[in-house]
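build me a model from this:
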Amino acid sequence: MSQSEPYRYPVYVLREAMGSKPLLLFAASAAEVDEWAGVPQRRRLSGEETVGWQREESTTRLRELAKFFSDERNVVQNPLLCALQDKDAVTFEPIDGMENFGELVIHPTVRTDPSLLEALELVCSRLEARVPSLQGQAIDSDRRRVVRERAIAQTGLNFDLAAGTASGTAMEMEDMLPFSYDESDTEDIASAVLTEETQLIDFYQELRIRIDILKEIPLEDRPSELVGFTVDAMSSYLRPIVLVDGQHRLHGAVLAAQETINSPQGRQALIEAIDQGTDPDVAEREALVRYARKLPISLLFDANPAEHVFQFVVVNQKATPMGKALLGTIVSTSLSKDELEPVATRLRRASIPLDDSQAVSYMTRAQDSPFKGLVQTGMGGDDRHHLQWSVLKSLTSIFRELTGGRIFGEANDYAQLWRERHLASSRLVDQGETPEEKYDIWRAPDGPWRDLFVRFFALIRDRFGDPNDPEASNAWGNSSKNLYNKISLTILTADYFQYLCESKAVLHSVDDVDRTVADWLEGVSDQYFARDWRMDLKKDQRRVRETWAKVWVQYRKNPARLPRVENFTPPR
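Next up is the predicted model:
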């Protein structure tokens, strides 16, 4: 529950350097901070990722911090790191003659207990303000149909009857859309989804679809949750301030205060306040504010989402590193292309692997990528059989950087050799004058390498893999099987570049990938990875890597007969 009156705090204004944005230093009750600070978490809501950057909370860590805060002698000196989210709702009023001292005023931006429809519409408006190109985006009808069917199953409502329509035919559903939709829109939607802004666009689509569905339902029947999206989940995008770092400290302190209220002494004090005429909800909030710790806060007076992500990444990469998969996901998908560009150089200078993150993140989301939805991204709900983020990063690096294309057990880097001998001749980098310029064009996050990478692994999947049976020996998407794992995919990539070098092949287009792969795999059986290799050893050890590489290369060069299954197990 939040209050309607503005929050006021005495603050000190600090500028670390002449060109720095101001930092406002102050303290506030954790209970109040929890009312005005949003914590945009990167999590899955009914299978769809949000566009926040905080990790999902650990209940174990919250309990540990609540226990720590329950002892009044314990002190945490690290301030909560916050930033503006709604610059119009937060003001600084300096004291006359003292420009570094004054009062911070925070105005609640959303009325108490908005409906789910109101919350979704407000979040949409915030995203449209950040990325104006979102306005006018057509709703994906296939996506809408899936969400609508799940909503009917969840609520038990017949939307057609509720909306006063006779049936849910395709024509009637199109008439309900807030944006026009016809077959000609399909290409535009597809091209939009394949930009660097994919996650923002996807999240926006999910919001708009739920708004549209809620409007079908009579006001009195509208649920407070619709297919995973709740008011609480949306509130982090609507509050005047965003919490950049310190969510566990904040919520641990609030939990400690709640436990105090629930103690016998706390309940008695609450009963006494209510007996004296205080509204129960008001009495509970006042008690929570009173018992909660005052926490130190550093507020960055900047409402730019790019700056927020930059600060979060620096804190978590330079101080307490988070998993590279989640960090990469956050860096490359929390901002639009226009928002990311101004901080891209700063991120690179801070040794944040931005280009790698963008490259890998694209492969996990692009509709035509054979890795879409089959890579661990560091969030709850990851499938342990999916490819690790670091493995896909190493595979993209072979194509993008043209380095690391070594067949296990050999010294030659065939990707680098191909770059040195043939890249300059490729029409894919005609715009460059010098070898360095051509290489820079090739290796850009959205450079020519990307389409070739997608096509190569799509051909590998279609030739050798089974994308439908996760238990098949050649299952595509299950890293515990023969094909979809670091060892096999690296061997295939390195051997392909070896073939390109040996055949002196220059790649001028994606069609050249089809032609060279067909030549490279001439005579090779589609069933190479489809048999049970009866391995009881961990794949990622040197003798296994080198054995698999040797067996593959020998067979590929003379594919008269499939190798015996026992050949894949290295000698003891």
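
in which helix or strand would I find residue 144?
Counting by DSSP states H and E, the element that carries residue 144 is helix 141-155.

so which elements touch that helix?
Helices and strands touching helix 141-155, by 3 or more Cβ pairs under 8 Å, 6 or more residues apart in numbering; DSSP states H and E, are helix 159-162, helix 170-176, helix 198-216, strand 225-226. Just so you know, the C-beta spots here come from the backbone N, C-alpha and C atoms, and that holds for glycine as well.

mind checking what secondary structure residue 298 has?
Classification of residue 298 using DSSP: H, G, I helix; E, B strand; the rest coil returns strand.

please report how far the residue lying closest to it once chain neighbours are set aside lies from residue 97.
Nearest non-adjacent residue to residue 298, counting by Cβ to Cβ, 6 or more residues apart in numbering: residue 79, 4.4 Å away. Distance, residue 79 to residue 97, using Cβ to Cβ, to the nearest Å: 27 Å.

neighbour count: those two, which is higher?
Using other Cβ atoms under 10 Å as the criterion, residue 79 and residue 97 rank with residue 79 on top: 18 against 6.

please enumerate the helices of the stretch 1-150 of the chain.
In the stretch 1-150 of the chain, the helices defined using DSSP state H, counting those that start in this stretch lie at 30-36, 59-69, 116-130, 141-155.

just checking, the residue nearest to residue 298 touches residue 296?
Yes. Counting by Cβ atoms under 8 Å, residue 79 touches residue 296, with 4.0 Å between them.

residue 257 sits in which helix or strand?
Element membership for residue 257 (DSSP H and E) is helix 247-261.

if you count neighbours, what's buried in that helix?
The neighbour-count check on helix 247-261 (16 or more other Cβ atoms under 10 Å) flags 247-261 as buried.

for residue 568, state which of those is nearest.
Closest approach between those and residue 568, by Cβ to Cβ: residue 248, at 46.0 Å.

against residue 259, how distant is that closest one?
Distance, residue 248 to residue 259, by Cβ to Cβ: 16 Å.

where does the protein have low pLDDT?
The model of the chain has pLDDT under 70 over residues 1-3, 41-56, 110-112, 158-199, 308-356, 378-382.

can you give me the strands for it?
Along the chain, counting by DSSP state E, strands occupy 7-14, 23-29, 37-38, 44-45, 48-49, 80-84, 90-95, 98-106, 225-226, 229-230, 241-245, 294-300.

adjacent strands (with direction) for the longest one?
Strand 98-106 has the following strand partners under DSSP bridges: strand 7-14 (antiparallel), strand 90-95 (antiparallel).

wait, which of those is closest to residue 200?
strand 90-95 (23.9 Å).

quick one: residues in contact with that closest one.
Residues from elsewhere that reach strand 90-95 (Cβ atoms under 8 Å, 6 or more residues apart in numbering): 11, 13, 24, 84, 100-107, 240-241, 301.

any of those buried? List them.
11, 13, 24, 84, 102, 104, 106, 240, 241, 301.

format those as a markdown table; extra columns: distance to residue 366.
Converted to a markdown table, the buried ones among the contacts of strand 90-95 look like this (distance: Cβ to Cβ, whole Å):
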| residue | distance to residue 366 |
| --- | --- |
| 11 | 45 |
| 13 | 45 |
| 24 | 41 |
| 84 | 33 |
| 102 | 49 |
| 104 | 43 |
| 106 | 41 |
| 240 | 36 |
| 241 | 34 |
| 301 | 37 |
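
what is the nearest of those to residue 283?
residue 106 (23.1 Å).

that closest one bridge partners, please.
Here residue 106, judged by DSSP bridges, has bridge partners residue 7, residue 90.

wait, it touches residue 7, no?
Yes. Residue 106 lies in contact with residue 7 (Cβ under 8 Å); the separation is 4.3 Å.

shared neighbours, these two?
Counting by Cβ under 8 Å, 6+ apart, the contacts common to residue 106 and residue 7 are residue 36.

one step back: select, out of the strands of the chain, the one closest to residue 510.
strand 48-49 (28.7 Å).

on that earlier part again, residues of the helix holding residue 144 that come out buried?
Within helix 141-155, the residues scored as buried using 16+ other Cβ under 10 Å are 141, 143, 144, 147, 148, 150, 151, 152, 155.

quick one, what contacts the nearest residue to the third one once chain neighbours are set aside?
Once its chain neighbours are removed from consideration, residue 144 has its nearest residue in residue 209; the separation is 4.8 Å (Cβ to Cβ, 6+ apart). For residue 209, the contact set (Cβ under 8 Å, 6+ apart) comprises 139, 140, 143, 144, 147, 148.

how near is the second one to residue 454?
Spelled out, that is residue 140. Taking Cβ to Cβ as the measure, residue 140 falls 21 Å from residue 454.

same question for the first one.
In this structure, residue 139 and residue 454 are separated by 26 Å, where distance is defined by Cβ to Cβ.

try the last one
When distance is defined by Cβ to Cβ, residue 148 is 31 Å away from residue 454.

wait, which of the strands of the chain is closest to residue 360?
Closest of those to residue 360 is strand 48-49, at 14.8 Å (criterion: Cβ to Cβ).

quickly list the domain ranges of this protein.
Domains of the chain are assigned by automatic domain parsing as 7-109+239-303, 117-228, 355-568.

end-to-end on the second one?
Taking Cα to Cα, to the nearest Å, domain 117-228 runs 14 Å from one end to the other.

OK, contacts around residue 520?
Taking Cβ under 8 Å, 6+ apart as the criterion, residue 520 is in contact with 495, 496, 499, 556.

so which of these comes closest to residue 30?
Of all the contacts of residue 520, residue 30 sits closest to residue 496, with 56.2 Å by Cβ to Cβ.

which residues sit in contact with that closest one?
Applying Cβ under 8 Å, 6+ apart to residue 496 gives the contacts 456, 516, 517, 520.

nearest to residue 32, of these?
Using Cβ to Cβ, residue 456 is the member of these that lies nearest residue 32, at 54.8 Å.
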